[in-house]
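> Structure, please.
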Amino acid sequence: MNIRMFIAVLALITSSAFAQTKSDVFIKDVPVAWLGLDFTSTKLIGDRERFGSESDVRHLMEAWNDLILKEPDKYDVAHMISRPKLEDAIQVTKEHNMDVDVMSMFSNDVKDYIHIKPSTVDEIVAGYDFGGLSGIGMMFVVESLNKLNEEGSVWVTFVNMGTREVIFTEHVVAEPAGMGMRNYWGGCLVDIINKVRKKEFEMWRKKHYRP
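Residues are numbered from 1 along each chain as shown. Presented below is the predicted three-dimensional model:
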């Protein structure tokens, strides 16, 4: 293979690997898969007794993910990013969350509220097994659920599933609301979804979209 042909093939491979761009996130016809809530680096700050045992927390992680599928009108992640629907690939994060060290999630230090950087999200996504899926996926990387400040912190993250790379990630904070641990922090998810739908997504469009 001569050098010109080699460069052409390399360019084609590179183009294919990075075909999912930031701008694609804002094109309504481009499908997006909903990957669910990631708890790889989550800190649960305060309320230690109410979170309960390790199995209780694992049940809550599962329940928070299920809320979005079971109550799509309330947790409308598709409408949040101007899509009529999202493909369901939530099992990807559910399986990944099974390896989380639950006992390391607990904290009483308010400094743990903001501890994730975009580079942390890159590392989290690189460690995923997307099971052969390709295209754009969206997940919420949950940074912290902070009872001391009554606020939750999440990184809304778009990924290229084929290359296990982050397309872009944006930080959103919101307030919890509701009765019981599941619904209380579920209310935080509702607030995040509404914030992104009403304001943040358009701001991200101005920041990332290039026609």
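> so what does the helix or strand hosting residue 33 touch, helix or strand wise?
Using DSSP states H and E, residue 33 maps to strand 32-38. Contact here means 3 or more C-beta pairs under 8 Å, 6 or more residues apart in numbering; DSSP states H and E; on that basis strand 32-38 packs against helix 54-70, strand 87-88, helix 91-97, strand 136-146, strand 151-160. From N, CA and C alone the C-beta is placed, and that goes for glycine too.
> outside of the second one, which residues touch it?
Applying C-beta atoms under 8 Å, 6 or more residues apart in numbering, the contact partners of strand 87-88 are 31-34, 69.
> PyMOL command to pick out the buried ones of those residues?
Selecting only the buried entries of the contacts of strand 87-88 in PyMOL, with 16 or more other C-beta atoms under 10 Å as the criterion:
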select buried, resi 32+33+34
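> can you put the contacts of strand 87-88 in a markdown table and add distance to residue 181?
Formatted as a markdown table, the contacts of strand 87-88 follow (distance: C-beta to C-beta, whole Å):
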| residue | distance to residue 181 |
| --- | --- |
| 31 | 33 |
| 32 | 29 |
| 33 | 28 |
| 34 | 23 |
| 69 | 19 |
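> Please identify which pair of the contacts of strand 87-88 lies farthest apart.
31 and 69 (17.4 Å; C-beta to C-beta).
> of all the contacts of strand 87-88, which comes closest to residue 123?
For those, the nearest to residue 123 is residue 33 (20.8 Å; C-beta to C-beta).
> Quick check: which helices or strands does the helix or strand following the strand holding residue 33 pack against?
Once strand 32-38 ends, the next helix or strand along the chain (criterion: DSSP H and E) is strand 43-45. Judged by 3+ C-beta pairs under 8 Å, 6+ apart, strand 43-45 is in contact with strand 106-107, strand 136-146.
> got the angle between the last one and helix 54-70?
Between the axes of strand 136-146 and helix 54-70, defined by axes from the mean of the first three to the mean of the last three C-alpha atoms, to 10 degrees, the angle is 130 degrees.
> Now do the helix or strand hosting residue 193: distance to the chain's middle.
Per DSSP H and E, residue 193 falls inside helix 180-195. In terms of C-alpha atoms, centre = their mean, to the nearest Å, the centre of helix 180-195 is found 14 Å from the chain centre.
> what sits up against that helix?
37, 47, 50-51, 60, 63-64, 67-68, 74-77, 80, 140, 145, 151-152, 154, 156, 172, 174-178.
> What about the closest residue in space to residue 167 that isn't next to it in sequence, how many residues nearby?
Nearest non-adjacent residue to residue 167, counting by C-beta to C-beta, 6 or more residues apart in numbering: residue 158, 4.3 Å away. Residue neighbour count, defined by other C-beta atoms under 10 Å, stands at 23 for residue 158.
> bridging residues for residue 158?
residue 138, residue 168 (DSSP bridges).
> which ones are touching it?
Neighbouring residues of residue 158 by C-beta under 8 Å, 6+ apart: 22, 25, 32, 136-138, 166-169.
> got a winner among those for most neighbours?
residue 137 (28 neighbours).
> Name the nearest of the contacts of residue 158 relative to residue 201.
The closest of the contacts of residue 158, once distances to residue 201 are taken by C-beta to C-beta, is residue 25, at 9.0 Å.
> Roughly how far does the residue nearest to residue 167 sit from residue 120?
Counting by C-beta to C-beta, to the nearest Å, the separation of residue 158 from residue 120 is 16 Å.
> Okay then, goodbye and thanks.
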